[in-house]
Each structure stands twice: as structure tokens, then as C-alpha cells.
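Novice: okay, predicted coordinates and the sequence, questions at the end:
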Amino acid sequence: MSDFSSALWAAFSLVIQLDSDLAEIVFLSLKVSLIAVSGAALIGMPLGAALALFRFRGRASMVVLLNALMGLPPVVVGLAVYLVLSRSGPLGVFGLLFTPTAMIIAQLILVTPIIAALTRQVIDDLWREYEEQFRSLGAGPGQRITALLWDGRFSLATAVLAGFGRASAEVGAVMIVGGNIDHVTRVMTTAIALEVSKGDLALALGLGIILITLSLAINGVSYVINEKARENHG
Amino acid sequence: MIPKTSILLLMLALANPVAAEDPFIIVASTTSTENSGLFAHILPIFEQKTHIRVRVIAAGTGQAIRLAINGDADVLLVHHRASEEAFVAKGYGVQRHDLMYNDFVVIGPRKDPANIAAMDGAAAALTNIANAETPFVSRGDDSGTHKKELSLWRAAGTDPNKASGAWYQEVGASMGAALNTAAVMNAYTLSDRGTWLAFANRGDLVILSKGDPKLLNPYGVILVSQNKHPHVKTELGQRFIDWLTGPEGQTAIASFTINGEQAFFPSAQ
Amino acid sequence: MGKSESILPLEFRQVSFEGGGKRLIKDLSFRLDAGPRTIIIGANGAGKSLFLRLCHKLIVPSSGEIIWHGANGRNPAPAQAMVFQRPVMLRRSVAANVGYALSLRKVPREKRPALIEEALRMTGLNRLAGYSARVLSFGEQQKLALARAWVLRPEVLFLDEPTASLDPAATHEVEELINTIHQAGTRIIMTTHDLGQAHRLADEVLFLHRGRLLEKAAAAAFFTKPENDLARKFIAGDLLWWKRGKDNRNQISEGVMK
């Protein structure tokens, strides 16, 4: 497979030359996905915890819905966000289409159900263990949520990483709402799609290798931090 | 289920951090102009002179027109004359300007199993492909190239849709993706010359039919009308169009080559 | 935590509890006054754990009333604490486990370190303060559970088979702690199926059998001349067994094995 060796070479030379376009694209990818995932965690974790802890009407259907939304097709999310942010759409006046903000919103919508659903599972398991003790200590609803989120932090870190993986790997949504504008909204995945459509498969694969390497690095670092922390306070 | 307020907060917090420096316009265009490298060649000249940033959304002609109709672009630069004129006639565009042209070419495997290279004209070439039932990859995405291809089939008196899924493969994708598919299948396809010249993954494909006047590929440029969308950046957009159709822009277009070959020919009046 | 008046005595009035269609606690009526250490004994399945959970309001009775006479309308829960058979350790340090109980009771932040320190010293865990609670041994975890309960200075402390999973050395330490807490003025209400432990700790005994209270007596009287026939056999070391029929309601067979 000469394509693979030339892809490795393309990736290698891009990194070695510290290609400034590449750096810009990598930086934007990380920025967009990190902000989207942080927002999704802020929304998804309390939501997931509340679904695990509280019994209310429609809870079961919400859990099913959330689990189903984990598989939201990015293209559909992209299209929906496009229709909302388009100048002809309800939020068109903000002029957010084809900006990194639009990409963040799309990824936030994609990732929030993942983090919320995984959080619900983690907190549900933990609550089974803690319930009597917490009730005995007299912990109120808000205190339960914060304590369980804190005590579930190691498993929840994995949920956030899963969300980050989804955000940084998807192309369908950011392509539609970002527009893949050079120097403005071009990220790793849309750059790869562009190189594919130019027929430069080696460069596309090279960019893919860099993306995977970045993802590996982020996951590796989190794993090490997580293990250290777990050793100390599992 | 996501609180509206948090979305709004996020929007306000992050609203377009890049926009602060230079003014910019959004140009909805085709993949052929972006993928061939034309924009990368001419835009820096314009941006350096005017300090107006040009943000290009590269899509199929159909999708680009859709964006402009929704008011999501300031300038439309595409290659399907009939659609462009309809766009202006419906009041979405101010005026269509001729910009440049090149031509479409019929691409196919070097061995040419349908023997189209010897045929006179594109319609005859397509007739041969249909008769031989050799694989043909169609864009199938309502792009300018797709519309051109359909008009060529009409001229050939053949309805390829009857063979859709058999030898006629509609991939519903960009020119580059269609070329990638054709390269793998050793199939025929129609491409604009710009994308073809810059395309790196040709496999065994070569140009087999060209030069028919029907294969002419004219590009037009249109300012999106402020009547439909008041926020359109008319002044900046008009400056871009004036530059493109003026001597500097036309020279810049003419000077763009791919592997030594001129890819687009200026045609502004 | 302040020294307000006692929530005791505790009274059960014809309390029953049903679960899964079965009556698991039947018509309990009795009164517990301030003072002695009360040990609830009975075979596994007699309803001891349910009994404690009813007292602590972790479950509510299907019928009957549970009244804290001294509470005078105030919530009796903050004056209680409970230690479970399997200690529930938060995924935090030993000190933070104790601190969490204080934070729930809104004890001012600056007062917490001294209270934590004292509770850990009492349980002999102070040198482990910074360790993760979940790496402790089972016995240490149970002592931490006692420290976490004690730091709240409860008036009533419920203990549900606190030494059931411990080795004799750890059992001894936990029993000593229970006595210390008792001497500090906390009312001990504890279940066990271990007769020896009941001997060692009880001032007062409640004998439960199949969800019924068969005997309530001072410990000395209970162990020397129990009034109830089954209690006598239980003390003598016989196995009290019972089994439900196929329809799960009627046809209960039971017996005593010497």
C-alpha cells in the first residue's frame, strides 16, 4: 500500500515543518470541540444525574429518548442547526452561520445526549450503593447530585472523553454549519474531507493520522491523570 | 431538552471571535473553483489590496444557490447559466456578470471500452456509453456539472435514469468524490476541467472527449440582492465583483495555471 | 447538633410493614426510653434490618404509627445516625468522609477540622486521614462509618449488624467504640444475630421472630429466664427455621432444630 506510506510521510512532513496552516486547523479543532464538550458536560451531567435520582412522570421516556439521541446523525444535526442559524431562520439575526460558534452549537447538541446518558448510568449505579447512607445523613436533592457527580468523577471523565471523541471526529455537522472556510472554520475533519475531494488521498490520510494521534494523546494523558487520582482517592 | 438560555449564553459568549479585525464577505461558490485552487491563487491578491476578507463556502451549484436564496451569502459564483438567470429573475440577485469559462471534459478509462474518443461530439460519446452499458458515474447532486450532464443526455436522446443503479451510478457527491469513485470503478464521468486538472487520484482515467461547444462551462458572478436580505454586504460584495470582472481580477484568473496549463479563461464584458 | 431536649422515648403503635405482598413486620408495639443499650436479636430473616430502617425512617410503615415523643413537632432525623452492615464509603479521603457528614449538617467550615480530628482519633484512624476511604480494610471502614456517625453527636445511633463481616479483632475494636459512644451519652439501638455479642453489649433485648416481637426484657432477665419458648430455644442454640409454601402466603412450615 503505497498510499499508506505516502500518508505517513505526508503526516510526518506536515508535523516536522510545523506547518502554520496545520497548526491553525488543529488549534481550531481543539478549541471548538473542547468548548462544545465543556458546555455539553455542564448541561448533560446535572441532567443525567437528575434523571438517575428523581422519579417523575415521563422519566422513562426521557431516558429512552436520551439513549436514542446518543446516535443522532451529525448531518441531521448540522442541517437543523443550519436552518435555525440561517439568515432566513429564527436566530438568523445573530449572524452566527459559518462561524466557529455555529460549529460549537452543533457539536454541543451532538455531545450533550452522550454525556447525559452515560452520566445517568454512572450515577444510577452509584446511587444504588449510596442511597441509604445519604438518606440517613439527610442529604437534600441538590447535595445528592453534587456529591454523586463528584464521587463519580472518574467514570464521568470517561463519559466526557467519549463526548470529546464524538465531537472531534464528526464531519457532517461542522461541514454544513461551518462551511469549511479556510482560516475561519476549517477543522481537521473538514480539511480531510476537502483533501479527499481533491483526490489527494495521501494528504487526507496524513491529516487523519495526525487527528488520531492527537486523540490518542488526549486520551492517554487523561488516562494517566485519572489512574493517578483513582489511586489516591478511588 | 437543552435550556434555551444556555444556548443563548454560549452564543453571546462566543459570538464570532474572528470577525473583529477585517471586514469580510461570504461567497457561495462551487467545489470546482475551490478544489482547483483558483481561489487560493486570486483571493490573496484581492485581500491584500482591499483588506476585505473573502470567506468561500464551496458547495454544488444547487446548494450554493440555496444558501444565497436563504441570505447566507453576499456573493454567488457558480456555473449554471439558466439557474443563475432564474435566481436574478426571482429578485434574489442584483445582476449576473460573465466572469470566466473553461470546459467540461468526459473522463474515462484509458482503454475506452465504449470507444468514445473516436466520436464526434459529447452527445455521440454519451450514446456510445449508454449502448455499451459501461459504468458511468454521475454527480447526482443538482450541481452545475450534474445539470450540464443531464442536458447532454437529453441531447443524446437517452434517459440514463432507467439504468440507475445498473451501469449509471449516481453518487450524490462532490466532483472530487465522483472522480474518486470513477477511478476505483474504472468508469466514465463528466468533470469540469479545473477540478480534473488539480485532481491527484486519477488512477487509469484520462480525458476522452472534449472540445464540443456544448461542453462550454461558463461561470457567472452575482451580488445577492439587498431587497430580499437587508443584511447583505452590498458595498463590499460589489467591490469584489468589480475587481473580479475588472482588469486586475481578469488578469489574475488568466494567470492561474495547474501543472502549466491555464485552467480558466476570463470572459467579463 | 446543639443540646436541645431529647427526642426519646420512641414508641411503635401496631406497626406493620409489607413488601412484595408479604407482611414482613407484624403489629409491633413497644416503647424505648432513654438510657440503655438495646440489642435486637433474632435469626436471619427475622426482620431486624427492617425494624431498624423503620425506626430511622428509611422506610415507612404500611400501617401503624412510629412516634418520637420528645420531638414535640421538630424533625427527629438530625438527632439520629446509622451505621450499616456494609459500610458505604464515599470515593474520597478518610477525613473527607467524615467532613461530608458535617457539611450536610451545615457545620461552619472552620469548625470542621477539629471535629474531624477528634472523631478520627477516637476511632484510631487519624494516621489514615489522607488515605482513600476505599483502600481501607473492612474493619477500618466500619470504624470510619462509626466516626462519620459519631461526629454528628447523634442522640440515637442505629447499628445494623455492624460486625457481621468482621474478624474477631476488628469486632472487639468496634464493640469498644460502641461502648465509648454509649458512655458519651448516645442511645445505642443495634441488631445482631450473634448471641455472644448480645451478651456483651445489651442492657435490654428485643427478640424478633418472623416479623413479630416475641420478647422485650432487660438483658439479665432475658438470658437467664426468657419468658418466650422460642426465645429460650434460640438462647439454647437451637436453629429456628421456617419456610413458605409454594403460594408464598399460607402453608408456612416451621420448626426447631436442636
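Specialist: Thanks, I have it.
Novice: was I right to think B:Ser138 contacts B:Glu170?
Specialist: Yes. A contact is recorded between B:Ser138 and B:Glu170 when judged using CB atoms under 8 Å, the distance being 4.7 Å. Every C-beta, even on glycine, is put in place using the N, C-alpha and C of the backbone.
Novice: more crowded one of the two?
Specialist: Neighbours per residue (other CB atoms under 10 Å in any protein chain shown) separate B:Ser138 from B:Glu170, with B:Ser138 holding more: 24 against 17.
Novice: how much space separates that one from chain A?
Specialist: Separation of B:Ser138 from chain A (CB to the nearest CB, to the nearest Å) stands at 16 Å.
Novice: which residues touch that residue?
Specialist: With contact taken as CB atoms under 8 Å, 6 or more residues apart in numbering or on different chains, B:Ser138 is in contact with B:His146, B:Glu149, B:Pro160, B:Tyr168, B:Gln169, B:Glu170, B:Val171, B:Ala178, B:Thr189, B:Leu190.
Novice: would JSON lines of the residues you listed with distance to A:Ala40, pLDDT and secondary structure be doable?
Specialist: Compiled in JSON lines, these are given as follows (distance: CB to CB, whole Å; pLDDT from 0 to 100; DSSP: H, G, I helix; E, B strand; the rest coil):
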{"residue": "B:His146", "distance to A:Ala40": "38", "pLDDT": "94", "secondary structure": "helix"}
{"residue": "B:Glu149", "distance to A:Ala40": "43", "pLDDT": "95", "secondary structure": "helix"}
{"residue": "B:Pro160", "distance to A:Ala40": "46", "pLDDT": "92", "secondary structure": "helix"}
{"residue": "B:Tyr168", "distance to A:Ala40": "43", "pLDDT": "95", "secondary structure": "strand"}
{"residue": "B:Gln169", "distance to A:Ala40": "39", "pLDDT": "94", "secondary structure": "strand"}
{"residue": "B:Glu170", "distance to A:Ala40": "37", "pLDDT": "94", "secondary structure": "strand"}
{"residue": "B:Val171", "distance to A:Ala40": "34", "pLDDT": "93", "secondary structure": "coil"}
{"residue": "B:Ala178", "distance to A:Ala40": "36", "pLDDT": "93", "secondary structure": "helix"}
{"residue": "B:Thr189", "distance to A:Ala40": "41", "pLDDT": "97", "secondary structure": "strand"}
{"residue": "B:Leu190", "distance to A:Ala40": "43", "pLDDT": "96", "secondary structure": "strand"}
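Novice: could you work out the most separated pair of these?
Specialist: The most widely separated members of the contacts of B:Ser138 are B:Pro160 and B:Ala178, with 14.4 Å between them, by CB to CB.
Novice: settle it for me: which of these two has more neighbours?
Specialist: Between B:Pro160 and B:Ala178, counting by other CB under 10 Å, B:Ala178 is the more crowded of the two (29 against 20).
Novice: isn't that one up against B:Val137?
Specialist: Yes. B:Ala178 lies in contact with B:Val137 (CB under 8 Å); the separation is 5.2 Å.
Novice: burial measure for whichever residue of chain A sits closest to chain C, as a count.
Specialist: Here the residue of chain A nearest chain C is A:Gln133; by CB to the nearest CB that distance is 3.9 Å. For A:Gln133, the neighbour count with other CB under 10 Å is 21.
Novice: helix/strand/coil for the nearest residue to B:Gly172 once chain neighbours are set aside?
Specialist: Counting by CB to CB, 6 or more residues apart in numbering or on different chains, B:Gly140 is the residue found nearest to B:Gly172 once chain neighbours are left out, at 4.6 Å. The local conformation at B:Gly140, judged by DSSP: H, G, I helix; E, B strand; the rest coil, is coil.
Novice: what are the ranges of the helices in chain A?
Specialist: Taking DSSP state H to define them, one finds helices in chain A at A:2-16, A:20-53, A:59-69, A:74-85, A:100-137, A:141-151, A:153-169, A:172-178, A:188-197, A:201-233.
Novice: and the fifth one, what's buried?
Specialist: Spelled out, it's helix A:100-137. A:100-124, A:126-127, A:130, A:132-137 (16 or more other CB atoms under 10 Å in any protein chain shown).
Novice: how much does it deviate in direction from helix A:59-69?
Specialist: Counting by axes from the mean of the first three to the mean of the last three CA atoms, to 10 degrees, helix A:100-137 points 140 degrees away from the direction of helix A:59-69.
Novice: show me where the stretch 1-150 of chain B has helices.
Specialist: Taking DSSP state H, counting those that start in this stretch to define them, one finds helices in the stretch 1-150 of chain B at B:4-14, B:31-35, B:38-50, B:61-69, B:81-89, B:122-132, B:144-156.
Novice: over to the stretch 1-150 of chain C?
Specialist: In order along the chain, the stretch 1-150 of chain C carries the following helices (DSSP H, counting those that start in this stretch): C:48-55, C:94-104, C:112-122, C:138-150.
Novice: just how off-centre is the helix or strand following the last one within its chain?
Specialist: Just to be clear, that refers to helix C:138-150. Of the helices and strands lying after helix C:138-150 in sequence (DSSP states H and E), the nearest is strand C:156-160. Mean-position distance between strand C:156-160 and its chain equals 3 Å (CA atoms, centre = their mean, to the nearest Å).
Novice: contacting residues for the residue of chain A most remote from its centre?
Specialist: Among residues of chain A, the one most distant from the C-alpha centroid is A:Ser136; the distance is 37.2 Å, by CA atoms, centre = their mean. The neighbours of A:Ser136, taking CB under 8 Å, 6+ apart as the test, are C:His56, C:Leu58, C:Gln80, C:Ala81, C:Met82.
Novice: quick one: is stretch B:231-251 near chain A?
Specialist: Yes. In terms of CB under 8 Å from any CB of the partner chain, part of stretch B:231-251 sits within range of chain A, namely B:His231.
Novice: residue contacts, the nearest residue to C:Arg31 once chain neighbours are set aside?
Specialist: Once flanking residues are discounted, C:Arg31 sits nearest to C:Glu11: 4.6 Å by CB to CB, 6+ apart. Residues in contact with C:Glu11 (CB under 8 Å, 6+ apart) are C:Phe30, C:Arg31, C:Leu32, C:Glu65, C:Ile66, C:Ile67, C:His69.
Novice: just to revisit the earlier point, pick the most buried one from the helices of the stretch 1-150 of chain B.
Specialist: Sort those by mean neighbour count, taking mean count of other CB atoms under 10 Å in any protein chain shown, and helix B:31-35 sits at the top with a mean of 28.
Novice: how about the strands in chain C?
Specialist: With DSSP state E as the criterion, chain C has strands at C:10-19, C:22-32, C:38-41, C:63-68, C:80-83, C:156-160, C:187-192, C:204-209, C:212-218, C:239-243, C:253-257.
Novice: can I get those in CSV with distance to B:Asp120 and mean pLDDT?
Specialist: Output for these, formatted as CSV (distance: least, CB to CB, whole Å; pLDDT from 0 to 100):
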stretch, distance to B:Asp120, mean pLDDT
strand C:10-19, 91, 93
strand C:22-32, 94, 91
strand C:38-41, 105, 95
strand C:63-68, 100, 93
strand C:80-83, 96, 95
strand C:156-160, 97, 96
strand C:187-192, 101, 95
strand C:204-209, 105, 94
strand C:212-218, 107, 93
strand C:239-243, 99, 79
strand C:253-257, 103, 76
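Novice: any chance of the ones you listed in TSV, with distance to B:Ala130 too?
Specialist: Putting the strands of chain C into TSV (distance: least, CB to CB, whole Å) gives the following:
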stretch	distance to B:Ala130
strand C:10-19	77
strand C:22-32	79
strand C:38-41	92
strand C:63-68	86
strand C:80-83	84
strand C:156-160	84
strand C:187-192	88
strand C:204-209	91
strand C:212-218	92
strand C:239-243	84
strand C:253-257	88
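Novice: how close does A:Arg230 sit to C:Leu128?
Specialist: Counting by CB to CB, to the nearest Å, the gap between A:Arg230 and C:Leu128 amounts to 18 Å.
Novice: between these two, which one's more packed in?
Specialist: Set side by side, A:Arg230 and C:Leu128 show unequal neighbour counts under other CB under 10 Å, the larger going to C:Leu128 at 19 against 16.
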